[in-house]
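Chemist: With the sequence up front, the predicted model follows.
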Amino acid sequence: MIKLKIPFKKQQFDAREEAIIDAVNHLLSDKGYDLMTMDDVADAVGIAKGSLYKHFSSKEKLAAAALTRLLKATLEELDTLPEDMPAIEKIRHILAWSLRLRLQGGVPHLPSTSRALQRSLMLNLDYVTVALRINKRFYALVATARKQGALTALVPDDVLVYTLYSRACDPTMEFLVRDQRLTHEQIVAAMVHATIGGFLSEQARTSAT
């Protein structure tokens, strides 16, 4: 099998692109899409604005790249889980994983916080394709968890799925981190418990105690 060697310049280009997306994640989380500028991103990475444009031609494409990478990482994490793991445990796992990623600065605000961002994302084919895939996976997990008797009938599927999206961006995380009363793992455990607890069926609650 022939291994293709990636040219050094291409490696540098790709590494810089990852650094740019990392910076965009932090800026979207701290400032939001509407206030973030291309100058902010260039300054955060420590490159000239002209160099930034060699990677991304607009703020819209920057935000789409950051959110697309996050969704792809979510799919990859789901793929690591054993097939025989109960669906509710997969839901717990992916929620805890996203919260840890948030604590590391890897999760920007939801697109719903900016109409301008929503519009630009709907025109980005890469983002839409991955978003539809992750949405399908989440709804499939919820359907399986219902079949396995883990979820209460009182909470509709849409509420559970949308909660998974929004909880990773919950500003509660920032307040808890600032208070410094809990470790990051304690914050994650408490947030997962508080979130999933309301979705469990009586059967699942009993088996968990």
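Modeler: Yes, it's here.
Chemist: So which residues of this protein form helices?
Modeler: Per DSSP state H, the chain carries helices over the ranges 8-30, 38-45, 49-55, 59-79, 87-103, 115-122, 125-147, 157-167, 172-179, 184-197, 202-208.
Chemist: ok, and for the fifth one, which residues are buried?
Modeler: So the one you mean is helix 87-103. 87-88, 90-103 (16 or more other C-beta atoms under 10 Å). Backbone N, C-alpha and C define where each C-beta goes, glycine included.
Chemist: Kindly report the same for the fourth one.
Modeler: Under the neighbour-count criterion of 16+ other C-beta under 10 Å, helix 59-79 has 59-60, 62-71, 74, 78 buried.
Chemist: Residue 37 and residue 63: what is the separation?
Modeler: Distance check for residue 37 against residue 63: by C-beta to C-beta, to the nearest Å, it reads 12 Å.
Chemist: Report the distance from stretch 47-60 to the chain centre.
Modeler: 23 Å (C-alpha atoms, centre = their mean, to the nearest Å).
Chemist: Let me see the mean pLDDT of that stretch.
Modeler: For stretch 47-60, mean pLDDT rounds to 90.
Chemist: residues of it that come out buried?
Modeler: 47, 52, 55-56, 59-60.
Chemist: Now the two most distant members of those residues.
Modeler: Greatest spatial distance in the buried residues of stretch 47-60: 47 and 60, 19.3 Å, computed using C-beta to C-beta.
Chemist: What are the contacting residues of the lowest-mean-pLDDT helix or strand in the chain?
Modeler: Lowest by mean pLDDT, DSSP states H and E among the helices and strands of the chain is helix 202-208, with a mean of 78. Residues outside helix 202-208 that contact it (C-beta atoms under 8 Å, 6 or more residues apart in numbering): 88, 149-152, 197, 200.
Chemist: Return the member of those residues nearest to residue 13.
Modeler: residue 88 (42.2 Å).
Chemist: Now that closest one: closest residue in space, sequence neighbours ignored.
Modeler: residue 150 (3.9 Å; C-beta to C-beta, 6 or more residues apart in numbering).
Chemist: pLDDT at that neighbour, what is it?
Modeler: At residue 150, pLDDT is 95.
Chemist: So it sits against residue 143, correct?
Modeler: No: Residue 150 is beyond contact range of residue 143, at 11.3 Å (criterion: C-beta atoms under 8 Å).
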